[in-house]
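Student: pasting the sequence and the predicted coordinates here, then a few questions.
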Amino acid sequence: MRVLVVQNYDDTGPGQVGDALAAAGAELDIVTAQRGTDLPDGAAHHDALLVLGGAQNALDDGHSPYFPALLSLIRAFAQADRSVLGICLGSQLIARAFGAENRLGAAEEFGWQPVRLTQGAAGDALFAGLPGEFPIFQWHDDTFGLPPGAVRLATSAAAENQAFRIGRAVYGIQFHFEADRPLVRAWSEAFAAAIAERHPDWAARHDAEAARFGPAADAIGRRLAEAWIATVGAGVRAPAGVA
């Protein structure tokens with residue numbers, strides 16, 4: 001299993017998804033797109049695509065001139081029936097790639113927040129069997145409309161579209177399920193100044209909230225990661241088609 005990982009920002013690696021991929025024996029090709037590393041021109045050499053988060057918004061082609069090429073790459077993986085997963089900014093880019101509206105500054109969430117599953121999640125390969133509501137780590141200001149033909153899988157009070165699926169296995173997930181407690185702590189240290197500007201009490205409340213919400217969130221995150229990896233194998237065996 002060979003997975004292309006597109007990193008959009010420094011210090012924002014794949015977290016629990018990377019751990020689960022390593023446990024499954026996957027080979028990761030990490031493209032540091034934010035540093036100018038070229039993207040491949042198609043899906044032929046990879047079994048799946050993982051697009052990570054970042055501080056930029058999904059419409060910021062000026063700051064991230066590779067975005068149009070990344071949108072084309074997302075569509076190429078979908079067309080080839082390869083599993084695709086976008087997290088936070090990655091989900092916003094998938095929404096854009098498939099014609100949805102990106103809504104900047106319309107949905108601020110930070111910290112462990114509750115997410116609710118929709119009826120569409122009941123038979124989904126990733127979300128079936130999860131609790132109807134669970135805490136998970138959030139860090140975003142932007143949101144998006146639901147792409148045409150997509151199935152809404154999760155929602156929250158701040159952002160109606162927390163997770164969606166297009167076709168068999170193209171997933172956009174707004175919340176940071178890859179961020180377990182060690183990764184959240186690492187982010188809290190690496191981006192302490194930026195967090196303090198918006199959430200000055202975070203340093204004081206982080207430990208208590210990590211203890212209260214972190215165990216459940218970490219377990220949900222690992223389960224989602226492993227379930228997505230299972231779709232990768234299914235895609236490799238399946239005939240190519242439109243996702």
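Tutor: Good, I have the coordinates.
Student: can you map out the strands along this protein?
Tutor: 2-7, 27-32, 48-51, 83-87, 102-103, 109-117, 133-140, 143-144, 151-155, 163-166, 170-173 (DSSP state E).
Student: residue contacts, residue 96?
Tutor: By CB atoms under 8 Å, 6 or more residues apart in numbering, the contact set of residue 96 is 58-59, 71, 102, 144. The C-beta positions use only the backbone N, C-alpha and C, and glycine is treated the same way.
Student: need these in TSV with pLDDT, can you?
Tutor: TSV is the format used below for the contacts of residue 96 (pLDDT from 0 to 100):
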residue	pLDDT
58	97
59	98
71	98
102	98
144	98
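Student: highest neighbour count among those residues?
Tutor: residue 58 (28 neighbours; other CB atoms under 10 Å).
Student: what is the burial count for the closest residue to that one other than its chain neighbours?
Tutor: With sequence-adjacent residues excluded and distances taken as CB to CB, 6 or more residues apart in numbering, residue 58 is closest to residue 92, at 3.7 Å. Burial of residue 92 is recorded as 29 neighbouring residues (other CB under 10 Å).
Student: how close does residue 92 sit to residue 77?
Tutor: 17 Å (CB to CB, to the nearest Å).
Student: with residue 38 instead?
Tutor: Distance from residue 38 to residue 77, by CB to CB: 16 Å.
Student: which of these two has more neighbours?
Tutor: residue 77 (24 against 9).
Student: just want the angle from the longest helix seen in the chain to strand 2-7.
Tutor: Across the chain, the longest stretch assigned as helix under DSSP state H is helix 202-237. Computed by axes from the mean of the first three to the mean of the last three CA atoms, to 10 degrees, the angle separating helix 202-237 from strand 2-7 equals 150 degrees.
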